[in-house]
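J.: here's a sequence, model it:
(4 chains)
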Protein chains: 2
Amino acid sequence: MSAESAFPPIDHDHGRCVDLLMSAVERLRAEQTLRLTPQRRRVLEMVAASHVALGAYDILARLGGGNGRPMAPISVYRALDFLLQHGLVHRVESLNAFIACTRPGARHDALLMICSVCRRVAELQSPAIEAAIAASAAAGHFLVTHPVVEIAGICRVCRAADR
Amino acid sequence: MSAESAFPPIDHDHGRCVDLLMSAVERLRAEQTLRLTPQRRRVLEMVAASHVALGAYDILARLGGGNGRPMAPISVYRALDFLLQHGLVHRVESLNAFIACTRPGARHDALLMICSVCRRVAELQSPAIEAAIAASAAAGHFLVTHPVVEIAGICRVCRAADR
DNA sequence: GAGCAATTGTTATATTGTATCATTTCTATC
DNA sequence: GATAGAAATGATACAATATAACAATTGCTC
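T.: Below you'll find the predicted structure:
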């Protein structure tokens, strides 16, 4: 996702975002062993449907009236763990929340920008940041397993709206 | 703190680390309005005494037998908030925990490396990482207020011990 | 359809963090 | 030193996030 499209207008057609993600997931599923059960799919769709990071209990609340009785928290966490492991969602550590991955299939660490006004989270691509982290780590003989980069601030849309 | 000294030997003289921090804090306090009350000081010393990030409830447990009855959680959080605001500790988002700042006085965002083996956390200085983040943000017209960088991995000491 | 692994259900509980209002302590000023 | 306002702390309750443990079910393979 380019820097310019990272924070789309608030009222854009978000259905397209979801469709893009789900079709990417379909491709993955067709190719191989991705057991995307109905529950997992519902959680993924829920996360994908939001540009705002959702907490596990947000998801839980919105899934309530699905089939029968509401899911237990542990079930949501289990679904999220699965989705995390398969690179379909990212955990936002500084929010204790989750956001859909914009590049499913390409397993990667996430660089996130988090708008403190509209609360939306955008995924960023930056070889420069990754390289700088790798260089620092190497200098300290530190073996990187999972870099977390979460940049809090104000997105271009909210900055523009503030004038 | 240089990359080489970021993760000192496990058995180094950690008293020196604490002393260095506390004397830096003393200087701050002498210079100006830093109301370092006994409670706040005890929490700071507790955090400074550990290379491992401490959760609020860890601190709570260790402070128990101080004066009279144990502190309430809210008191620990209040002390931590104060210390955060004055740049004496950093919050480790991915651990829900806190680590002493190694450069008190110089208000700054923290770049952290977190060893998943020994659980120690080291603060890193890297203009390159900061510049790369600033550049990415600028490209996306994103106004950075608080960059979070927490690099999980294995420190040089634990890597060496693993051979 | 029998056996095994993976998933989900159920219940309970652990961990992390805040809200609210009362009380105490500190500081500045008279 | 008395005193009033601000800052800090105490006390109680509760909210929000996350996991443990074990039972039941589903799906896959033979």
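
J.: okay, CA-based contacts and neighbour counts for the rest of this
T.: Will do.

J.: chain A: helices as residue ranges?
T.: If DSSP state H is used as the criterion, the helices of chain A fall at A:14-31, A:38-48, A:56-63, A:73-85, A:127-139, A:156-161.

J.: now for the second one, which elements pack on it?
T.: Right, helix A:38-48. Where contact means 3 or more C-alpha pairs under 8 Å, 6 or more residues apart in numbering or on different chains; DSSP states H and E, helix A:38-48 is packed against helix A:14-31, helix A:56-63, helix A:73-85, strand A:97-100.

J.: again, only this time at 6 Å
T.: strand A:97-100 (3 or more C-alpha pairs under 6 Å, 6 or more residues apart in numbering or on different chains; DSSP states H and E).

J.: ok, the strand it packs on near DNA strand C or not?
T.: No - Strand A:97-100 stays clear of DNA strand C (C-alpha under 7 Å from any atom of the strand), getting no nearer than 12.6 Å.

J.: average pLDDT for that strand?
T.: Mean pLDDT, computed over strand A:97-100, is 97.

J.: on that earlier part again, tell me which of the helices of chain A sits most buried.
T.: helix A:38-48 (a mean of 19; mean count of other C-alpha atoms under 10 Å in any protein chain shown).

J.: is DNA strand D within reach of that one?
T.: No - using C-alpha under 7 Å from any atom of the strand, helix A:38-48 stays clear of DNA strand D, coming no nearer than 9.0 Å.

J.: got a list of contacts for that helix?
T.: A:Val18, A:Ala79, A:Ile99, A:Ala100 (C-alpha atoms under 6 Å, 6 or more residues apart in numbering or on different chains).

J.: which other helices and strands does the longest strand belonging to chain A contact?
T.: When chain A is parsed with DSSP state E, its longest strand is strand A:143-154. Where contact means 3+ C-alpha pairs under 6 Å, 6+ apart, strand A:143-154 is packed against strand A:111-115, strand B:143-154.

J.: pairing partners for the first one, with directions?
T.: Looking at strand A:111-115 with DSSP bridges, its paired strands and their directions are strand A:121-124 (antiparallel), strand A:143-154 (parallel).

J.: I'd guessed A:Ala53 sits against A:Ala100; true?
T.: No - with contact defined as C-alpha atoms under 6 Å, A:Ala53 does not reach A:Ala100; the gap is 8.2 Å.

J.: settle it for me: which of the two has more neighbours?
T.: A:Ala100 (29 against 23; other C-alpha atoms under 10 Å in any protein chain shown).

J.: would you point out which residue of chain A is nearest DNA strand D?
T.: Per C-alpha to the nearest atom of the strand, the residue of chain A with the smallest distance to DNA strand D is A:Ile74, at 3.7 Å.
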